[in-house]
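1. Got a sequence here, can you build the structure:
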Amino acid sequence: ASRHLNTMGVSVEWFGEIAPELGLTRPAIYKYFVDREDLLCRCYADACDVMGARLDTAISSTSSIVEALSAFLASDDAAGPEPAVLSEMMALPPGKRDLIWSRQRAIIEQLADLIQAGITAKLFRPLDPIVVSHAILGMASWTPIYGRWAPGSNLDLIDVGSREILFQGLAADRSAPPTKLAPLAPLTAPQADIFNREAVDAAKREGILIAASFQFNRRGIGATRMEDVAAALGLSKRAIYHHIGQKQDLIDACVERAYAHFLGVMEAAERSDAPRAAVVYAAVRDIIWAASEPNVCVLAPHVGFGLLSADQREAVSGYAQQLTNGYRRVLEQGVADRSLRPLPIDAVVASLPGAFSWAANRPEQPADVRMHIADQLATLVTHGLCVSN
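-> Residues are numbered from 1 along each chain as shown. Below you'll find the predicted structure:
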């Protein structure tokens, strides 16, 4: 069930889809779980157990804060079942959601205490411990997601890249504050000439994709119904069918729009004349902002790869390779211009999205909080936690 969640996300067909994998009938699953929400809650509780035990083991293995965090990121769970990624808690009923959120929050707070201890000891720079803790948990959960959105990739690189980003960052001069460029590929809310029918239709389509991406990021692709998107827009489902099509068309269109933006940011980063360290900061900040800002929201690749059409899955594989190649070039240019330190470039590129993949799930926060998160995560990526080398 957890593997299925990480591929397909939550859906009303969940029991029916996993039953054949287990050699069971759908009614047989009800012998073990009350309903879909019970199974989802149990999968998420199991994931909290795994992460909590992983962190406890890492902390008990050493007196060094850096070594404990490093051990947590490097923990090898390959021998056991794949834990569910905690990305669709909004699909749970409120009581169970609060239970899982409290379990996750306990892990976040335990990580934050470690980070604050490092800040107090002047080992770590004074970044927001809660934001950094979410990033650590995101990196620890990134491997199964990356393996689906970038099939065929070397997943062993993620542990290496995550530790490089977390502790040392990418910038060569980590004592200087980050240079903050203007947005590389700014997004604007859709507007149209009301006397131009084609422009109005295009603006309506864009508005639907923004609202759907917001709901998908917040609730999960599988758990979001067409009714949820229609209600968010104050439209009927028929209007969405007219401008986009069925839910499969809506999912594919949101993914296509997201990758168009990701590629636009990457291409703008390559064209920029600024030092690559400043460009990396801007790219991370802009991607986080675009995935969490309700007025322009783009879909963040998280769970749900299996819900794409076959054509869109093939297209995503191509886009992922383009992004990998483009950011590899950006990092190589940064090492050459000495704004970035010598890096295990392939490992950093593979692990980079894990540092901020979680941020898109919290778009209900105020604008200043969203910008704070984007700034803190971009600074983490470029400057790392550790004050010294």
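
2. Other residues contacting the helix-or-strand element of the chain with minimal mean pLDDT?
-> Least confident helix or strand of the chain, by mean pLDDT, DSSP states H and E, is helix 14-22 with a mean of 84. Residues outside helix 14-22 that contact it (Cβ atoms under 8 Å, 6 or more residues apart in numbering) are 1, 4, 8, 11, 25-26, 28-30, 36, 39-40, 222. All C-beta spots, glycine's among them, are computed from the backbone N, C-alpha and C.

3. Now do the nearest residue to residue 215 once chain neighbours are set aside, the pLDDT please.
-> For residue 215, ignoring the flanking residues on the chain, the nearest one in space by Cβ to Cβ, 6 or more residues apart in numbering is residue 224 at 4.6 Å. On pLDDT, residue 224 comes in at 89.

4. Now do residue 224: how many residues are near it, please.
-> By other Cβ atoms under 10 Å, the residues close to residue 224 number 28.

5. Please list all residues in contact with it.
-> Applying Cβ under 8 Å, 6+ apart to residue 224 gives the contacts 212, 215, 216.

6. so where's the stretch 101-250 of the chain shaky on pLDDT?
-> 192-195 (pLDDT under 70).

7. ranges for the helices of it?
-> Under the criterion DSSP state H, counting those that start in this stretch, the stretch 101-250 of the chain contains helices at 129-140, 142-149, 157-163, 197-219, 226-233, 237-243, 247-271.

8. Point out the other elements, helices or strands, that the fifth one touches.
-> Meaning helix 226-233. Identification of packing neighbours for helix 226-233 by 3 or more Cβ pairs under 8 Å, 6 or more residues apart in numbering; DSSP states H and E yields helix 197-219, helix 237-243, helix 247-271.

9. Which one of these lies nearest to residue 291?
-> Across the helices and strands packed on helix 226-233, residue 291 has its closest neighbour in helix 197-219 (6.3 Å, Cβ to Cβ).

10. now the angle from that closest one to helix 226-233?
-> 110 degrees (axes from the mean of the first three to the mean of the last three Cα atoms, to 10 degrees).

11. Go through helix 197-219 and flag the buried ones.
-> Of all the residues in helix 197-219, those buried under the rule 16 or more other Cβ atoms under 10 Å are 203-219.

12. sorry, back to before: please pick the buried ones from the contacts of helix 14-22.
-> Using 16+ other Cβ under 10 Å as the burial test, those include 1, 4, 8, 11, 29, 36, 39, 40, 222 as buried.

13. dump the residue contacts of the last one.
-> When you say that, I think you mean residue 222. The neighbours of residue 222, taking Cβ under 8 Å, 6+ apart as the test, are 8, 9, 10, 11, 14, 88, 91, 303, 304, 307.

14. so the first one sits right up against residue 307, yeah?
-> This means residue 8. Yes - counting by Cβ atoms under 8 Å, residue 8 does reach residue 307; the two are 5.8 Å apart.

15. Give me the residues contacting stretch 2-13.
-> Identification of contacts with stretch 2-13 by Cβ under 8 Å, 6+ apart yields 14, 17-18, 21, 36, 40, 43, 46-47, 81-85, 87-88, 91, 144-145, 148, 220-223, 303-307.

16. Drop anything exposed from these.
-> Neighbour counting by 16+ other Cβ under 10 Å classes 14, 17-18, 36, 40, 43, 47, 82-85, 87-88, 91, 144-145, 148, 220-223, 303-305, 307 among the contacts of stretch 2-13 as buried.
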